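Asker: Got a sequence here, can you build the structure:
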Amino acid sequence: MNNRWLSFLIVKVEILVPTMNDVAYLHRKHIQIYGLKPNPEGGYLVTVGKGALHNLDISFTVHRTLSIYPNLARFALPILAVFFTMMALMSRYTIGYKITGNLNPEQVQELEVLLGPHFQQVGPFEFLLTDKEQISEDIKAFYDEYTYFDVFRDGNNITIQIYQMQEGIPGSDTSYSSTLYARRTGEIQQVNVKTGRSLVSPGQLIREGDRLITHTVLDPTGSNTEISTNRVVQGEVWAHTWYLADVSFPIQYLETVLTTRMETRRTLNMFGFSWNFPNRDVDYEDFSTQTRRIDPFFFLENSPLFLETIHYYEKSDIMKVNDAEEIKQHAKSLIKNEFARQTGQEFELVDLRIIATSELENQVTLQFHVTILENIAH
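Answerer: Below is the predicted model:
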């Protein structure tokens, strides 16, 4: 190993050589020497690789072996032992709990008080003292019939999923429902189920109102009977959906632009009086102005003397013609922005095709068939 900075990884030995001729002998044998120092009792201590002395004609006394691995083992083995012990314990025991759902902070505190007797706090960990069934019984006794909950193990934690439904029945809230339905007709592209059982798969064509994700499970006997789990389902079902969108624009339109004509007026203001140079009106019907002010008394709130130079730029209406091809190229952005304005949900505009073009007087209307990728579960 020629990299000196990696030499600490090599197991080395410190050998005792009588003279420098022996050191020269090692050099001739192309032995890598990592260290050389005089021995207080005579001779020299030479540090070489442990396996470098096998094929030498001369044998040398090994003074000591140099290696980082024994120290590394003494340091790493306890850590590995603790790690694997923790892994074994964590696969068997839970070390904490988490609360999900729609409880407010005060309700979460109430639930934590209720859960207190079921867990033992040990440092940063909270070990389960009872079982999930006992927690479920206590929650059921504490809350009313309009509270929907589930207690299950999620990795190393016990998850308490709980929803207060006083403002409606299950299914009235799109996020906390016992069944998710399709709010539009579409072709399924992706199904992401957090809790519940998916009833659809990618490539399937579904209609508005079809069930997508349910809280029920099938009877394991094979009868296809659905058994309720009383769990609140959560998930997303992304599908291609289709819309019609119109983009209308005039063939010709007026646009007000600046011309190349400009007039300048100067106004001298002195002690409340003003004089214009030249003293005549601007000839333009429509214009924009730019004013420059020279004020020697700028530091005063009301200057007694200042000069204003005003430039008048003529504005005029000109007739322009819309480029239909250019509008077609920008139609995707127009439709995407309009769709984003009308919905607060994520979506992706997948495809855009013109299916009809109509012209009435000065107005052109392009009708597009739009394909959107969106979450249709609610």
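
Asker: count of residues packed around residue 212?
Answerer: Neighbourhood size, residue 212 [other CB atoms under 10 Å]: 25. C-betas here are computed from N, CA, C, even on glycine.

Asker: Let me see the contact set for it.
Answerer: 180-182, 191, 198-200, 206, 235, 237, 376-377 (CB atoms under 8 Å, 6 or more residues apart in numbering).

Asker: List the buried residues of stretch 269-278.
Answerer: By neighbour count with 16 or more other CB atoms under 10 Å, stretch 269-278 contains the buried residues residue 269.

Asker: Span of that stretch from start to end?
Answerer: Start-to-end span of stretch 269-278 (CA to CA, to the nearest Å) is 14 Å.

Asker: any idea how far residue 151 is from residue 178?
Answerer: Remark: distance between residue 151 and residue 178 (CB to CB, to the nearest Å) = 17 Å.

Asker: hang on, the earlier thing: kindly indicate which of the contacts of residue 212 lies nearest residue 274.
Answerer: The nearest member of the contacts of residue 212 to residue 274, counting by CB to CB, is residue 376 at 68.4 Å.

Asker: Reformat the contacts of residue 212 as a markdown table; add secondary structure.
Answerer: Formatted as a markdown table, the contacts of residue 212 follow (DSSP: H, G, I helix; E, B strand; the rest coil):
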| residue | secondary structure |
| --- | --- |
| 180 | strand |
| 181 | strand |
| 182 | strand |
| 191 | strand |
| 198 | strand |
| 199 | coil |
| 200 | coil |
| 206 | strand |
| 235 | strand |
| 237 | strand |
| 376 | coil |
| 377 | strand |
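
Asker: out of these, which is most surrounded?
Answerer: residue 237 (29 neighbours).

Asker: now that residue, nearest residue through space, not along the chain?
Answerer: Nearest residue to residue 237 in three dimensions, chain neighbours excluded: residue 377, at 4.2 Å (CB to CB, 6 or more residues apart in numbering).

Asker: Read off the pLDDT value for that neighbour.
Answerer: Residue 377 carries a pLDDT value of 92.

Asker: got it, and residue 239?
Answerer: We have a pLDDT of 96 for residue 239.

Asker: any idea how far it is from residue 68?
Answerer: Distance, residue 239 to residue 68, by CB to CB: 59 Å.

Asker: more neighbours, the two?
Answerer: residue 239 (25 against 13).

Asker: What segments of the stretch 201-350 of the chain are strands?
Answerer: In the stretch 201-350 of the chain, the segments counted as strands under DSSP state E, counting those that start in this stretch are 205-206, 211-214, 216-218, 226-228, 234-250, 252-270, 273-277, 287-294, 305-321, 347-360.

Asker: Remind me what the third one packs against, helices and strands.
Answerer: Right, strand 216-218. Counting contacts by 3 or more CB pairs under 8 Å, 6 or more residues apart in numbering; DSSP states H and E, strand 216-218 packs against strand 197-198, strand 226-228.

Asker: Strand partners (parallel or antiparallel) of the last one?
Answerer: Translated: strand 226-228. strand 216-218 (antiparallel) (DSSP bridges).

Asker: pLDDT of the strand it pairs with, averaged?
Answerer: 81.

Asker: Show me what it is in contact with.
Answerer: 197, 224-229.

Asker: which parts of stretch 231-244 are buried?
Answerer: 231-241.

Asker: which two from those residues end up farthest apart in space?
Answerer: Across the buried residues of stretch 231-244, the longest distance by CB to CB is 28.9 Å; it joins 231 and 240.

Asker: Now do the buried residues in the helix or strand in which residue 113 is found.
Answerer: Per DSSP states H and E, residue 113 falls inside helix 105-115. For helix 105-115, a neighbour-count test (16+ other CB under 10 Å) marks 107, 111, 114-115 as buried.

Asker: go on, stretch 201-212?
Answerer: Within stretch 201-212, judged by 16+ other CB under 10 Å, the buried ones are 206, 210, 212.

Asker: From residue 224, how far off is the second one?
Answerer: Meaning residue 210. From residue 210 over to residue 224 (counting by CB to CB), the distance is 18 Å.

Asker: Quick one: low-confidence residue ranges for the chain.
Answerer: 1-8, 86-93, 145-146, 164-177, 222 (pLDDT under 70).

Asker: Map the structural domains onto the sequence of this structure.
Answerer: 4-67, 92-164, 179-238, 245-252+321-375, 253-320 (automatic domain parsing).

Asker: for the ones you listed, which one sits closest to residue 77?
Answerer: domain 4-67 (15.4 Å).

Asker: which residues touch residue 154?
Answerer: By CB under 8 Å, 6+ apart, the contact list for residue 154 reads residue 98.

Asker: distance between the ends of stretch 339-357?
Answerer: Start-to-end, stretch 339-357 (CA to CA) is 21 Å.

Asker: ignore the last one, stretch 127-135
Answerer: End-to-end distance for stretch 127-135: 14 Å, by CA to CA.

Asker: Please apply the same query to stretch 60-78.
Answerer: The first residue of stretch 60-78 is 37 Å away from its last residue (CA to CA).

Asker: buried sites along that stretch?
Answerer: Residues of stretch 60-78 classed as buried by neighbour count (16+ other CB under 10 Å): 60, 66.

Asker: How far away from the center of its chain is that stretch?
Answerer: Centroid displacement of stretch 60-78 relative to its chain, using CA atoms, centre = their mean, to the nearest Å, is 47 Å.

Asker: How about stretch 136-143?
Answerer: 36 Å.

Asker: Could you export it as PDB, keeping only the C-alpha atoms?
Answerer: Only the C-alpha atoms of stretch 136-143 are listed here, as PDB (Å, rounded to 0.1, in the frame of the first residue of the first chain):
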ATOM      1  CA  SER A 136     -58.900   0.300  22.900                       C
ATOM      2  CA  GLU A 137     -61.200  -0.500  25.800                       C
ATOM      3  CA  ASP A 138     -60.200   2.600  27.800                       C
ATOM      4  CA  ILE A 139     -60.500   4.900  24.700                       C
ATOM      5  CA  LYS A 140     -63.900   3.500  23.900                       C
ATOM      6  CA  ALA A 141     -65.100   4.100  27.500                       C
ATOM      7  CA  PHE A 142     -63.700   7.600  27.600                       C
ATOM      8  CA  TYR A 143     -65.100   8.900  24.300                       C
END
